[in-house]
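Undergrad: could you work out the structure for the sequence below:
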Amino acid sequence: MTSVITLAVDCMGGDHGPRVTLAACRRFLAQHPQARLLLVGQPEALTSWTDTRGQIVAASEVVGMDDPIEIALRRKKDSSMRIAIEQVKQGSAQAAVSAGNTGALMAIARYVLKTMDGIDRPAIAGQMPNFKGGGTTMLDLGANVDCSPEHLLQFAVMGSALVSVLQGNETPSVGLLNVGEEVIKGNEVIKKTGELLRSASQAGDLNFYGNVEGNDIFKGTVDIVICDGFVGNVALKASEGLATMISGFLTAEFTRSIFTKLLAFLAYPVLSAFKSRVDHRRYNGAALLGLRGLVFKSHGSADELAFETALNRAYDASRHQLLDRVQARIAHAAPLLAGMQAERVSTPVPHE
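TA: Prediction:
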C-alpha cells in the first residue's frame, strides 16, 4: 500500500473555480499529513497557494460548464481537466478530482485512461443521503441512458467494489430499481437483469437483495441501487431539489402572522436536523467507475466543505486500492458475463 497518496485536482472546474477548490485543498491537506496534491490550472489564478505539499501544474485552458463535449475533448487539449486526468495516466497521481462539466469529464477520462478489461461502459456512482443517517450508493447517475442487462450487472459489480472500499462492507446489498418489488414487474431489460443479478448472487459475485422502488433509495433498504443513467440522474436531481426546498424553508422569514412565526419556531429543530442528515455536501464526490484510473466528480456548485468531501473520497479510494478491487470482482464475474453474451449471439432473431 502506497504511504503517500497524490491527487491531481482540476482547480479551475466548477461554478466557483480556485476560490473554492484552493480553500478545500488547504482543508484537505490539514487533515491528511501523508497526502500530496497536484494543483492543475492557470498559474495566474493559483498565485495564493503557498503550501509545499501542493505542486502547481500549469494548464492554459479551462473547460466551461456549458462547453460541448466535442470542444472539451478535441479543441481544449491543454485544459486543466485533461491535464489533471493525464497525471493519473502518467502515474504522477493516484486519482483526479474535478468539479467541471460532467459530460466532458467522462469523455476525456474515457479517452485518456481507456476502459477497464471486462467493462463495456464506465458508470457514475455517487451517494444519496438516506433516513438511516448514511448514504445509498447509486449508479448509473447519468453516463448511460440506455443499458443492457450486462451493463447493469457490470454496474452492480463495480458498485459493490466501491462500497466495500469506502465503507468497509465486503458484502454490500444490491437492489435493482423497478416499479415494484415483485419479480414479474418491469420491462424485459429489468426482468432479464434481475435474472442475471440472481445468478451472479448465487455465484458469489455480489449480494443481490432483489427489486427495490424509488422510496427505498432514501429509506436505506439496500447499500447499492442499480439503474440506467436516465432514471439515476432524475432521482439525483429530485433529491437535490428536496434538500434545497428544506434549506429555503429554514432560511425564510415568517412575518405574516404570529401563527406562522410559531410554526416555524416549532418546526425548526426537526427540519434543521433533517437538513443536516440529507446535506449533499456530506456525500459529494461521484466515482467514474470502469476506467483504468480513478477519477472523481464533484458537484459543480460545491462549496469548500463539499469539494473537500470529494477529495476525501478520492483519497480513500486510492488508499484502499479501489482499481484492484474492481478488477478482481469483474474477473470473478467474467464467466457469467461471457455466458450471457454468448447466449445473446446464439439466440436466433425471430422473423416477422
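Undergrad: residue 21 in helix, strand or coil?
TA: For residue 21, the assignment made with DSSP: H, G, I helix; E, B strand; the rest coil gives helix.
Undergrad: wait, is residue 132 part of a strand?
TA: No: going by three-state DSSP, the assignment for residue 132 is coil, not a strand.
Undergrad: spit out the contact partners of the nearest residue to it once chain neighbours are set aside.
TA: The shortest distance from residue 132 to any non-neighbouring residue, by CB to CB, 6 or more residues apart in numbering, is to residue 220 (3.9 Å). For the C-beta atoms, the positions are set from N, CA and C on the backbone; glycine is no exception. Neighbouring residues of residue 220 by CB atoms under 8 Å, 6 or more residues apart in numbering: 130-132, 134, 136.
Undergrad: do you know how far residue 220 is from residue 209?
TA: 12 Å (CB to CB, to the nearest Å).
Undergrad: the residue nearest to residue 46 when sequence neighbours are not counted sits in which helix or strand?
TA: Excluding its sequence neighbours, the residue lying closest to residue 46 (CB to CB, 6+ apart) is residue 56, at 5.3 Å. Using DSSP states H and E, residue 56 maps to strand 54-58.
Undergrad: under the pLDDT cut-off, which ranges of the stretch 201-350 of the chain? List them.
TA: 240-279, 339-350 (pLDDT under 70).
Undergrad: so residue 87 makes contact with residue 93?
TA: Yes: judged on CB atoms under 8 Å, residue 87 makes contact with residue 93 at a distance of 4.2 Å.
Undergrad: of those two, who's got more company?
TA: Using other CB atoms under 10 Å as the criterion, residue 87 and residue 93 rank with residue 93 on top: 27 against 21.
Undergrad: and the more buried one, what element?
TA: Per DSSP H and E, there is no helix or strand for residue 93.
Undergrad: residue ranges of the strands in the stretch 1-150 of the chain, please?
TA: Per DSSP state E, counting those that start in this stretch, the stretch 1-150 of the chain carries strands over the ranges 5-10, 35-41, 54-58, 95-98, 123-129, 135-139.
Undergrad: can you give me the buried ones in the shortest one?
TA: It stands for strand 95-98. Buried residues in strand 95-98, defined by neighbour count with 16 or more other CB atoms under 10 Å: 95-98.
Undergrad: same question for that strand, mean pLDDT?
TA: Averaged across strand 95-98, the pLDDT comes to 98.
Undergrad: mind listing the strands that strand pairs with, and their directions?
TA: Strand pairing for strand 95-98, determined by DSSP bridges: strand 5-10 (parallel), strand 294-297 (parallel).
Undergrad: how about that strand as CSV, C-alpha atoms only?
TA: Extracted C-alpha coordinates of strand 95-98, given in CSV (Å, rounded to 0.1, in the frame of the first residue of the first chain):
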residue,chain,number,x,y,z
ALA,A,95,-6.7,9.9,-8.7
ALA,A,96,-8.0,13.0,-10.3
VAL,A,97,-10.8,15.2,-8.9
SER,A,98,-12.8,17.8,-10.8
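Undergrad: who are the contact partners of the nearest residue to residue 109 once chain neighbours are set aside?
TA: With CB to CB, 6+ apart as the criterion, residue 109 has its nearest non-adjacent residue at 4.6 Å, and that residue is residue 295. Residue 295 makes contact with 85, 88, 95-98, 105, 109, 113, 287-288, according to CB under 8 Å, 6+ apart.
Undergrad: the stretch 151-300 of the chain: strands as residue ranges?
TA: Under the criterion DSSP E, counting those that start in this stretch, the stretch 151-300 of the chain contains strands at 173-177, 207-212, 224-226, 286-289, 294-297.
Undergrad: got the ones you listed as a markdown table, with distance to residue 330 columns?
TA: Compiled in a markdown table, the strands of the stretch 151-300 of the chain are given as follows (distance: least, CB to CB, whole Å):
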| stretch | distance to residue 330 |
| --- | --- |
| strand 173-177 | 15 |
| strand 207-212 | 16 |
| strand 224-226 | 15 |
| strand 286-289 | 10 |
| strand 294-297 | 15 |
